[in-house]
Structure formats: structure tokens, C-alpha cells
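Asker: Give the three-dimensional model of this entry:
(3 chains, ligands or ions: 3)
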Amino acid sequence: MIEVTFTLNGSPTTVQVDDTERLLDTLRDRLALPGTKEGCGEGECGSCTVYVDGLPANACLIPTFQVKGRGVETVESLDPARLAPLHESGATQCGACTPGVALTALWILDQPELLKTHSLRELMAGNLCRCTGYNGIIEGIRKGLTEQAAREGRD
Amino acid sequence: MAIHQPSTLSEACALLATHNRGSDRDLAPSPLVPIAGGTDLYTHWPQRPDEHAKSYLDLSGIEELRAVRWRNDSLTLGALVTYWRLIQDRTCWSALPMLVQAARQVGAVQIQTRGTWAGNIANASPAADGVPVMMAYDAVVELVSSEGREEIPLADFYQGYKQMRMRPDQLIRSIRIPRRSFLFQRFEKVGSRNAQAITKVGVAIARSGAGWRVVANSVAPTVCRCPTIEALLDDKVTVRGPDDLATALSQDIAPIDDIRSTARYRRRVLARLLYFALRESCSAFE
Amino acid sequence: MKRFEGLEKLTGRTLFIDDLPLENCLWGATVRSPAARGTIRQVRVPNHLEGSGLVLVDHRDLPGPNVVSLITDDWPILAAETVRHRYEPVMLVAAESRAAARRAAAQIEVVVDPLPAALDFRQTPTAEQIQVGDDNVLKQLKIERGEVDEALAAAPIVVEGEYETGAQEHVYLEPQGMAAWLDGEVVVVHGSLQCPYYVESALTRALDLPAERVRVIQAATGGGFGGKEDFPSIVAIHAALLAIKAQRPIKLIYDRGEDMAATTKRHPAWIRHRTGLSEEGQILAHDIEVVLDGGAYVTLSPVVLSRGMIHAAGPYACDHVRIRGRAMMTNSVPFGAFRGFGAPQTLFAIERHMDVIAKQIGVDPVKLRRLNLLTDGQATATGQVIDDGTDRQQVLSRALDLSRFTYKRSQHTAFNAEHAYLRRGIGLACFFHGAGFTGSGERAMKSLLHVAGLADGRVEVLSASTEIGQGTTTIFTQIAADQLRLDPEQILIAQPDTWRVPDNGPTVASRTTMVVGRLIERACDNLRERVGLDAAATGTELQAALVAWHEEHPDEELLGSARYQQPPGIEWDDETYRGDAYSAYGWATYVAEVEVDLRTYTARVIDFVAVQEIGKVLNETLARGQIQGGVVQGIGWALLEECRWQEGGMANHQLTNYIIPTSDDVPSIRVAFLENPYPHGGQGAKGIGELPLDGPAPAIFNAVAAATGVDPRVLPLVPERLMELIEQ
Ligand SMILES: Cc1cc2nc3c(=O)[nH]c(=O)nc-3n(C[C@H](O)[C@H](O)[C@H](O)COP(=O)(O)OP(=O)(O)OC[C@H]3O[C@@H](n4cnc5c(N)ncnc54)[C@H](O)[C@@H]3O)c2cc1C
Ligand code: FES
Ligand code: FES
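Answerer: Ligands and ions are numbered 1, 2, ... in the order given. The predicted structure follows:
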């Protein structure tokens, strides 16, 4: 066992883990944060998406020892109010891919300048969804971007 | 088994000198496995319990390896530089655009933010996408160990399937890519879908004052330059269609059938990718 | 109404079975067969595992018969003497951690003496390969109407064609998983599933327990698509067996690799058409043969075969039809329920065949379909007279308009003449999908549903229909609220639990909104009557009446109930396969526009239009989402998804090698509905869930044919396959 200290959803956290344990298992099994899902364990599906130092990453590929001293945020930290446009557009059906989708979507909403170089579909390609056909997700983000731009215009 | 988390390169080299040196690596009590982004090492982790018992050398705390250094004549990437880091670098878009093109086609964002260029080289997969573009740009790999540093052109780095000119006590410290002006450059990746796809066949092409470089992936035991094709281009041999490239290609590549594609497909498609790309810039292509 | 549980899902608060803590539990794992077929010589448990506190279960521990109860009693819970497919379960282990269980299972070796395996369902099995009856046929069916041979002989034109479709893996994002524990005398199973009562009946039989001693509760379920219709029964039995043996709670959760390797998939199919036509293209006779790969055990193959055959002649009028079908036993993983249930396979064949005919006789594919589409008063292959008032020509016209079909076609001609290596094409498919159970299925099922009036004036719907992402909870809330004139907040939907909800049938066959929704309406009416109100009562009046009733009857339950009633005029003969196969059909035309890259032989869908008539659309966002999700699954099936078989096992059982579409592989799916309310469906709705799987593949194949001039007939059309066609 080793001890790892990092910032989790804004709070300093110390946890004892098996030496090579995955961040995914640490979050789910030791820190009681089951919002991060395991859809494949091979980096393909993105259900295990978390932010590490603000960037989306797959928790199934991250050894917990590597988040020592870093900031990790999980779906549990998201502001529900910001997810409303996704809700309204049908971005979720069964919900298994959804926490990962929500994290990547809000990351895009945080930096709309990404869309100068990337399409939404390219940015979302790391989150497999078998239910929605992606339309609801893409529309939800687009709606969020529009609402956000309107709000910023007003302020 | 143990996890080592050095914060400097010299510490890391010292650890490797202790654990990974010796004529027969297997005799060492517990050789250290370097880990950078973990995107190769950690896939299917629960299904590979033997890997859990190994000792790891975590490179992620060595800040000096994160540097991206632009000089007038070169770009140097520290071993921890990720794909995403270069995608965010506007200089790279204009100076060495194939790096950005390849980076954007590695996995998807969640892989790009963790995966490193050095890890791509050291993983030594024939399907690696970072390697062909770096090789076409004449990248040089800088290796370090407690005994000193050494530079090896990436084009000479692989000796066979997963065989590299790198000792177990060495690390990739950086990758140096010369800046040149290019008359032509093109990266083509064919995977089984648009993102999250391992390359079935791919090619990076560059033409500069240094001549033609044609580097293919997923068509041989290692990512490889295609010297016969390069010579054909240098010699301005007339090419009338993709089939005219087949003979030259067969001397350069040795594709196989596997779970992702067939040798036949790889051969044909590589010829066609080359033909249609080169037709845009070579008068010898009709 | 927005999805009821949408925000809970978006914020990660929905807990799936793997997310739920289970006190003092052990972890289960499954030891599986390494061979496609053979005799089990030995199961080698290494010495260090014996007496290590590990719990082991094999077939000798079964209290009841060694069968997973479904249609035929051939599917063993744990293989005893022989194995019939790779990855067949042989032994179960339970250990203190997930990793320990996995490790132990990997160390136990099943030694099999191999026997000749039947691996190709298209080939007649050799004598050594016969394992079922004298021909390996699991099920055989025939639909016949009119004088087919005479009509074919008399037809001026006969067009033949053979078509093939591959297996498809569900890839629900949440893998299979169950928890099981003992609550005194009662075995409780909680997990990811579509049909609680299927699991209940499988459990009572396997454990030899009366229904009172078995309780099945559905947990939040991360997708099903049919994959959680049949298979959860076996996972549930396995978990329960371990719990009984260990006398401890058990969690049995598959990882992705195990799920893809060991669970059921869509049936591969081979279909042959012989079609007699007039010079103008009117269909005069159909002679169709359908062969399905059933896999190692029967599971639901007879029903899949039957639905496939009923849809095999397409939405076209024809008086002389013969459809012969069989499902073959092979030594691969059993094929089972998958969204569409055989219809995507046969509709692919007929709709691709329609374009083959059009080309062969020189008629425009749109015209050919217009000429043959069913009009009210005409009959389907089973002799069902269609009379639902839907304007099927209008469905087609709408799809052509939205996709600008004719304009695109002329544009493509110019584009293709110009471009060095890109080729564009557009293609369509007209189809239909029967909603609800086939034939007399609904009548036999006798679904029962309750709504409870609660003491605080709220109303709870007690139904066994599950939410698996398709929106059951939202739709049921909406239907009950509308029917009772209540605010949706006042409606509760019970979590399906066999101790709390009656059996209103499985959540399959696109029947939930149409059939069960209608039951909710009637049960709501019944509740209102029970408190002495009539249909004019307001929600406020009803709530006051509920509160008053409970004051008068403390501790009593107030239930409104409804039992399934067959819509009038429905006749079906299971012996002859004649009559009204479904009480209602959804009708659709889908159009795909593709771009083929001749450098890489890759076909990519660049635009997709899905127009359908599905009765009344109850919730636009949910309905659109169902269509878009189904279409994208269909695109995957058509172009990307290929199970690579090795000794009857899926070799590419990883998400990195089994390729489903990402957001960057598909265009925006444009959806339009025509609404023709169906009087016997909940709020006028017909089924919708499976329909969207039927259209994409043929539309895409027709578009690729238009773009390149080749004649693709084998699905999936992966680039390696398209290359061979183009290079021929
Ligand atoms: C879902 C998914 C999709 C992917 N898609 C692609 C793709 O499209 N194209 C592609 O090319 N790759 C792809 N990969 C593979 C992987 O992301 C890349 O190869 C990546 O560059 C590896 O970098 P890393 O830092 O994560 O390596 P790690 O996993 O940390 O290490 C990989 C290997 O390199 C060694 N190593 C790492 N750093 C050093 C060093 N400095 N010195 C010596 N040895 C070192 C390690 O010991 C190990 O053997 C994908 C992976 C996943 C999981
Ligand atoms: S579980 Fe991590 S990417 Fe699928
Ligand atoms: S909502 Fe079910 S997988 Fe995305």
C-alpha cells in the first residue's frame, strides 16, 4: 500500500491505495464516488472521464500514484445548473456514458475557443454512447454555448 | 514491487542504474518500468495481474521533462510533452503541421491529454501515429542514463518488432525535430473509424531540402521509412497510377493479416494514398 | 416533459448495480470453456485454491434442473458433461475481492476433449457435427399464401438475390451485472435487467423454489437493446447459486471483455429472394428463404426467426408469397434478442433486393417502391389486411423531400465525374415494423398492471416495465398525469420489483408505450371509478377522494387495475402462420447519403433522413432520441461492426477491436414524424424502439451501390470487403 495526497473536487485528500491501483478504483471503491463509471477499462469509452489538472482524462488508465499533488475533479463536482441544456436536449438516455459525457461537455463550455480549431464531434469522440446517436449530446452542448454567449453578452 | 517517483532526471537515472543495469536484464531483482502517460501501459489493467506486481518508475513528477523548446532551427520536446500540449501550440500548426495532424488523430481528447510523444516512441508499436510524422521530420531521440547522453536518429531507432536501440537503464529525455522549409508534407491515417482508431495503414510524407521522406506505419514490424519509394521520387520516375508504386512498395514494406485488416488491403491502400497525395505535387505522377 | 431522471444521470447520482454498496459481499467470477465443442474431461482447480476460503460452484450444486428457462430447455446453467460453445460457463467462484475472484477463475482450467464443431450455419452439417435432431435445425417455419410456383412460372421477369448479415454485439455501456443475497428464506436478486419476471421464472425453476421465496429487483440499467432480455437470467442464477453456497451476499459483475465474449448477439442471417415481377415492376410473387445462425442453444431464436420472416417481404403488396425459414444450431455463443429481433436482417435483404431489381429491370428505385407499397385494404405476407389509414406514399414523399433526393442524385453525377477519388451516392429504404408481441403473444401474456392511490393523494404506477434508457419512467409519468389530470410531480413510478409490481410482460418488442401505456390509462380510469369519480373529475377532486378513501380504510391498499384486452378484429393462427401478425405497424422511409473514398474504400454516411409514422408522438425529444440512437446503431451494423470469429468465439471482444461509431463517425440524424394516432395504444402511440434499426443498413448499401456501381450484399461493408467488390 502507498499513501497518495491530492486535491479531490477542491478538497485536500489523502488515501491509502494498492501500489498500482487505478484512479478509477480509488475513486469508486475507496472514496465512495461511484459517479465515475467503468465501461471498458481500455481507454476507449470515456465513461471514466475525470479532470486531472483541468484536462479530461480516462481514470481507468491513470495509476493513482500519478495524481499525487494534482487536482482531480469528478462528475460529483459539476454544477447541475450548467447541465440543464444537456438535459433539455436529450443528451442522456440510459445514463451509463453520461457522467463522462457531462464532464467533457462542460470542459468544452468552459473554453469555447476550442471550437475555432475543433468540431464538437471531434471533441466528443472519446465518449462512446450507444443510446443517443450523439445528436442530443451535440445539440445540448450547442445550446449551452448559445445560452452562455447570450449571458456573457448581457453582462 | 515498488513505485519510485523521482522529481529530477538524475534521480531517475540513478534509480535505473541500480535496478535496470546488467548484461542480463532478467537477472535484476525487479527492473523498473518507466511510466509517462500510462495510456499504453494501463490498458486492460485488471485483466493483466502480472503487470501489477512490477516496479514502476513514474516520470510524471520530473518537471524538466515537460518543456517544449522552439529554436530557430529545431523544436525540442521533453519526454513528458503530450499530444494535447502540441495541439495547443500555434507555432506548431505552421512550423510542423504534421505533428498536430497526427496528434489530433491519436485516440481522442482523453488520450491526447495524457499520451506522450516519447511514450509513443518507446512503446514501439508498428501502428504508432506519432512516430511516422516525427520520422518524416528527421527527428532525433535523445537518450540519457547515469553514464551520459546519446543521440539516435529516430529512423535508426528500431531494429525489429518492439526492438529498440535503448538499454533498460536508459530513458528518452527529449526528441529534437529540425525545422526546415517544406515543399510538401502530408500525413494520412486510415483507421477503422474516425477517432479512437488504431491505424490499419498510414503514411507521412515530407519533402524538403533534405530530400523526400516517406514513412509508413502498420505495414511492417516497425514504423519504417520507404527508401525505394523515396528514391523513385528523387529520381522523378514516371508513375501512371497506384499500381505503378506496388513493386517499389513491396521492397519497403511487409504487411500482415491481423485482427484489424488484411495485408492485401494495407498494400493497396498505401499505394493509393501515396499516389493521390503525390499527384498533387509531383509532375512525374500522371 | 423533460426526461424524469435526466438530471440525476447527468450529475452521476444514478447508481447502477456495480455502484451500490453491498455489505459483507463476496465477488463472483465465471470459469468458461476454452473450446467450441467437446467433452469435459476435467476441471482442474489448483491445490493452492482448494481450502483457501474460495467458494466454488459447479453443476452438481444445482438444486433444480440444469436449464435456463426460456423457450426450450436446452440451455444449461453450468455445463456438466459437454460444452457447446467457447466461453460457455462451467464453474463459478467467489472470493473476497473482485481481483481475487478474477485471478482464481483464470487459474482454474477446464480440460475439454474436442469434438467436431459446426461453425458455419450456411453449410449443411456433416454427420459428426450433428448435435440437435438429425440436422441441427433448431426451428423451422413457413409462411405461404397464394400459388407461388405458378405465379413465378408465369411472371415475365424473375429476379434472384442472396444477402448476408453478420452478428452484432449490443455494447450497452453498462456490462451485465447482478447482486444476490439471502433475506431469511428468500433469495433476492438485484441487477441490470430488462424483464424482471423472466428472471424470476428462471430463478424459481433453477433453484427449485416457490415464487414467494424469490424476489427480483431491477437496478438502474445502463442500456439493454435486447441484450438484457434473455441473458440476465443466467447471470442472476449464477449469482444466486454463489450466494446460497457461500451464505454471503454476492456481486457478479462482468467486465467488458467477458461481456462481449460470453453474451448473446444479433443473429447472423443468410437470405435468398426469388421475385416474380411484371414488366413495369409490380411484384407478382415472392419466394424467400431465411436462414439464421442460432448459436449453441435455442434461447429466443424461434421468435427472432418468426419476426424476421413476417417482415421478410417488406411493406409491399403481393398475393403469392412463400417464406421458408430455419434457425441452425452452431457451436458459437448463443444468438439472442437484439433490437429489431430478426427484422433488420430480413428488411436489409428485401430493401437491398428492391434496388437490385430496379437496376436489373431499369426502373427507378423510388418508382418501384411507389408501385408496390401497401395501400389500405391490401394484405401483408401473412394475409393481414392493412387498414390503418396511414399514407405510406406520403411517408416516402416526405423522406424524398427532406433529403432532396432527386436533386442530390443529379448533383452526385456531376461530382463523381469530377472528383479524383471521392464518390457520392444516395439510397433509400422503405420498411415497417410490427409493434408488440407477434400474433397471439399479447393475448397469451394477459398483462396486468396496477396504479395505487396513496394516502397523501399521490398516485404510484406499479408496473414491471423497466427504464433502460428508452424513457419508460418519463412516458409513464406523462400518461398517468394526463389521464388523471394531475401534476407530474404527483405521480410515482415504482422501481420494478417482483414483490411489488404485477407482471405486465417484458420490456421488449416496442410494446411498452403502446401496450403498457394503454394499460396505465385504463388502470387510472379504474382507480378513479374505485373512489366513485367519473372521467370528468379534476386532479384536485381525485386527490381529495384518495385522501378521504384512505381515512376511511386505514392500512388498506387502493389499487386501480387493468388487464390486457386484445383490440377488436385481431385474428392469428399460430399453426398456419396466417392472420394479423401485429395489432399495429410503424411505417418508415429512411434515406442515406454516403461518400466513398476510393483511396481507402471507406464509406461514410454524410447525411441521414429518417421519416416515420408511429402513431401519436408522446414526447418529441424522447422519440427523436430513440430514432437517432437506433439509426446510429444501424449505421454501425452496416459499416463498422464485425464480430471476428475464432472457433466460435469472438476474437475481437474488446472495444478497441469491435468498432462502434463515435460522435465523429456519424452525421446529425434528421428525424421527422407523421402522426396517425392509434386508438388502442397509450395516448395513441405505436411502438417505436426497434423500427430505427431496420432502415439504415439497406439505405446505406443502396447509396454505396449508387455511388460506386458495385453491388454490395454482405454486411458489414467494411473497407476490406468494399475493396474486393470495387477491384473485381
Ligand atoms: C484508447 C486508446 C487510443 C489510442 N490511440 C492511439 C492512436 O490513435 N495512435 C497512437 O499512436 N497511439 C494510440 N494509443 C497508444 C498511446 O496512447 C500512445 O502510444 C502514447 O503516445 C503512449 O504514451 P504514454 O506516455 O501514455 O506511454 P506509457 O503508457 O506511459 O508508456 C508506454 C511505453 O513507453 C515507455 N516509456 C514512456 N516514457 C518513456 C521514456 N521517457 N523513456 C523510456 N521509456 C519510456 C514505457 O515504459 C512503456 O513501455 C492509444 C491508446 C489508447 C488507450
Ligand atoms: S472505462 Fe475508461 S475509457 Fe472506458
Ligand atoms: S446514454 Fe446510454 S450509452 Fe449514452
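Asker: CA atoms for contacts and neighbours, from now on please.
Answerer: Noted.
Asker: So for the residue lying closest to C:Ser447 once chain neighbours are set aside, what pLDDT did the model give?
Answerer: Nearest non-adjacent residue to C:Ser447, counting by Cα to Cα, 6 or more residues apart in numbering or on different chains: C:Asn504, 4.0 Å away. Looking at C:Asn504, its pLDDT is 92.
Asker: repeat for the one 10 residues further on
Answerer: The predicted local confidence for C:Met514 comes out at a pLDDT of 92.
Asker: Check C:Ser278 too.
Answerer: 98.
Asker: what sits against A:Ala84?
Answerer: C:Leu7 (Cα atoms under 8 Å, 6 or more residues apart in numbering or on different chains).
Asker: Apologies, that question was intended for B:Ala254.
Answerer: Contacts of B:Ala254 by Cα under 8 Å, 6+ apart are B:Val219, B:Ala220, B:Pro221.
Asker: before we move on, what about C:Arg485?
Answerer: C:Thr538, C:Gly539.
Asker: Secondary structure element for B:Glu230, which one?
Answerer: Using DSSP states H and E, B:Glu230 maps to helix B:227-234.
Asker: Which parts of the stretch 151-300 of chain C are strands?
Answerer: C:157-165, C:177-183, C:186-191, C:214-218, C:250-253, C:269-277, C:283-295 (DSSP state E, counting those that start in this stretch).
Asker: Tell me which of those strands sits most buried.
Answerer: Mean neighbours per residue, mean count of other Cα atoms under 10 Å in any protein chain shown, is largest over these for strand C:250-253, with a mean of 29.
Asker: can you list the residues that contact that strand?
Answerer: C:18, C:22, C:25-29, C:94, C:175-181, C:235, C:239-240, C:242-243.
Asker: Break chain C into its domains for me.
Answerer: C:25-115+C:176-253, C:269-438+C:576-727, C:447-563 (automatic domain parsing).
Asker: Save those as JSON lines, and put in distance to B:Thr199 too.
Answerer: Output for these, formatted as JSON lines (distance: least, Cα to Cα, whole Å):
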{"stretch": "domain C:25-115+C:176-253", "distance to B:Thr199": "29"}
{"stretch": "domain C:269-438+C:576-727", "distance to B:Thr199": "11"}
{"stretch": "domain C:447-563", "distance to B:Thr199": "33"}
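Asker: show me the contacts for the spatially most central residue of chain A.
Answerer: Centroid-nearest residue in chain A, with Cα atoms, centre = their mean: A:Leu103, separated by 2.8 Å. Neighbour list for A:Leu103: A:Thr49, A:Val50, A:Tyr51, A:Pro56, A:Thr74, A:Val75, A:Leu78 [criterion: Cα under 8 Å, 6+ apart].
Asker: any idea how far ligand 1 is from C:Pro175?
Answerer: 18 Å (Cα to the nearest ligand atom, to the nearest Å).
Asker: Isn't that residue up against A:Gly39?
Answerer: Yes: using Cα atoms under 8 Å, C:Pro175 is in contact with A:Gly39, at 7.2 Å.
Asker: For burial, what's the neighbour tally of the residue of the stretch 501-650 of chain C found nearest chain A?
Answerer: Closest to chain A within the stretch 501-650 of chain C is C:Gly629: 3.8 Å, counting by Cα to the nearest Cα. Using other Cα atoms under 10 Å in any protein chain shown, C:Gly629 has 26 neighbouring residues.
Asker: does any part of the host helix or strand of B:Glu51 sit near ligand 1?
Answerer: Here B:Glu51 sits within helix B:49-52, counting by DSSP H and E. No: using Cα under 6 Å from any ligand atom, helix B:49-52 stays clear of ligand 1, coming no nearer than 11.6 Å.
Asker: so after that helix, what's the next helix or strand?
Answerer: strand B:55-58.
Asker: nearest spatial neighbour of the closest residue to ligand 3 within the stretch 201-350 of chain C, skipping sequence neighbours?
Answerer: Nearest residue of the stretch 201-350 of chain C to ligand 3: C:Gly223, at 5.5 Å (Cα to the nearest ligand atom). Take C:Gly223 and drop its neighbours on the chain: the residue closest to it by Cα to Cα, 6+ apart is C:Tyr172, 4.7 Å away.
Asker: Also B:Arg69?
Answerer: B:Thr76 (5.0 Å).
Asker: beta partners of that neighbour?
Answerer: Assessed by DSSP bridges, B:Thr76 has beta-bridge partners B:Arg69, B:Arg176.
Asker: on that earlier part again, ok, of the contacts of strand C:250-253, which come out buried?
Answerer: Among these, the ones that count as buried by 16 or more other Cα atoms under 10 Å in any protein chain shown are C:18, C:25-29, C:94, C:175-181, C:235, C:239-240, C:242-243.
Asker: before we move on, the earlier item: list the buried residues for the helix or strand just after the helix holding B:Glu230?
Answerer: Next in sequence after helix B:227-234, counting helices and strands by DSSP H and E, comes helix B:243-252. Buried positions in helix B:243-252, judged by neighbour count with 16+ other Cα under 10 Å: B:Leu245, B:Ala246, B:Ala248, B:Leu249, B:Asp252.
Asker: ok now do the third one, which residues does it touch?
Answerer: Right, the one you point to is B:Ala248. B:Ala248 neighbours (Cα under 8 Å, 6+ apart): B:Thr228, B:Ile229, B:Leu232.
Asker: Just give me the neighbour total for the second one.
Answerer: The one in question is B:Ile229. If we define neighbours as other Cα under 10 Å, then B:Ile229 has 24 of them.
Asker: do the last one as well
Answerer: Counted with other Cα under 10 Å, residues neighbouring B:Leu232 total 16.
Asker: Could you export the contacts of B:Ala254 to CSV, including columns for pLDDT?
Answerer: Formatted as CSV, the contacts of B:Ala254 follow (pLDDT from 0 to 100):
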residue, pLDDT
B:Val219, 97
B:Ala220, 97
B:Pro221, 97
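Asker: In those residues, which residue is surrounded by the most others?
Answerer: Going by other Cα under 10 Å, B:Val219 tops these with 26 neighbours.
Asker: right, and that one touches B:Asp258 too?
Answerer: No: using Cα under 8 Å, B:Val219 is not in contact with B:Asp258; the gap is 11.0 Å.
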